[in-house]
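> Structure for the following, please:
(4 chains)
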Number of protein chains: 2
Amino acid sequence: MPLAELLPVIDVTACCAPLTREPLDQNNAADLARSLKALADPARLRLISMVAAHEGAEACVCDLTEPLGLSQPTVSHHLKVLVDAGMLTRSKRGTWAYYRLVPGALDSVARLLVTA
Amino acid sequence: MPLAELLPVIDVTACCAPLTREPLDQNNAADLARSLKALADPARLRLISMVAAHEGAEACVCDLTEPLGLSQPTVSHHLKVLVDAGMLTRSKRGTWAYYRLVPGALDSVARLLVTA
DNA sequence: CCGGCATATCGACGATCGTCGATATAGCTG
DNA sequence: CAGCTATATCGACGATCGTCGATATGCCGG
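Predicted coordinates for the structure are as follows:
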């Protein structure tokens, strides 16, 4: 299963009950797994937290490459994975591409995991 | 990075602030990524929800193989991944191995994702 | 002690991932 | 227009993953 098969941008918001509430069917399991897979990488987690922490709650690739310690193509790749997963938005202004958290995206995933 | 490098059983409970609160350092990012990676598979998500939904909140491999539609070795493998990640416990009684949710394990992960 | 069952481990396979350097694209500056 | 800079895409590589069938382990009933 490729990280985000064909469709770009998953709507993480639209889903079901927490996974401990009732048995997950195959489709819901695949959707949630896709979201989790996008998050399940140290570089991407750090990117998310760096974007959130950056002034104005947005950051461009140039802000992220050096502190992350990975090459520019790799950073762009991870950002694309996060955008395709619906976790970040990309807005290009001039030469720069600015990334922001999608409000509620992380929370939707968290809500599906929580047991209470 | 192998799914759970050498140490069995991660203590998911002991960690830091939500990832949007402050920038994650490399170690915390790696730990959280390891937990998420364990969850980021449709079969494993369904196993968790099936265990939670099963009577007595526990289930043995024999209960899970057929509804999941995967071979017995594959199911055992996924269960081991979840045990090593600290999400499930295994207790052997006679010929059977019973798996249970670790209370709070999913919630700890969820707490790290939430932005509010 | 033997046969059968439940489970775990092993070894293999094809598929996917994370990373990089090289290159393409696009916008700004002069 | 020419050159620079920021970013994205491409193609490749080694590593990891999910799956399976075959086999090992461990337990129970006769």
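> Please make it C-alpha for all contacts and neighbour counts, starting now.
OK.
> Can you tell me the element the residue lying closest to residue A:18 once chain neighbours are set aside falls in?
Of all residues not flanking residue A:18 in the chain, residue A:112 sits nearest, at 4.1 Å (CA to CA, 6 or more residues apart in numbering or on different chains). Secondary structure from DSSP states H and E places residue A:112 in helix A:105-113.
> same check, this time on residue A:48
With DSSP H and E as the criterion, the answer for residue A:48 is helix A:42-53.
> what helices or strands is that helix leaning on?
On a contact count with 3 or more CA pairs under 8 Å, 6 or more residues apart in numbering or on different chains; DSSP states H and E, helix A:42-53 meets strand A:58-60, helix A:61-68, helix A:72-84, strand A:96-101, helix B:26-39.
> List the contacts of the first one.
Taking contacts as CA atoms under 8 Å, 6 or more residues apart in numbering or on different chains, the residues outside strand A:58-60 that touch it are A:50-52, A:96-101.
> Does that strand reach DNA strand C?
No. Strand A:58-60 is not in contact with DNA strand C by CA under 7 Å from any atom of the strand; minimum separation 14.1 Å.
> For that strand, buried residues please.
A:58-60 (16 or more other CA atoms under 10 Å in any protein chain shown).
> near chain B, which residues of chain A show up?
A:19-26, A:29-30, A:32-37, A:39-43, A:45-46, A:48-50, A:52-53, A:104, A:106-107, A:109-111, A:113-115 (CA under 8 Å from any CA of the partner chain).
> Just the buried ones from these?
By 16+ other CA under 10 Å, those give A:19-21, A:23-24, A:29-30, A:32-37, A:39-43, A:45-46, A:48-50, A:52-53, A:106-107, A:109-111, A:113-115 as buried.
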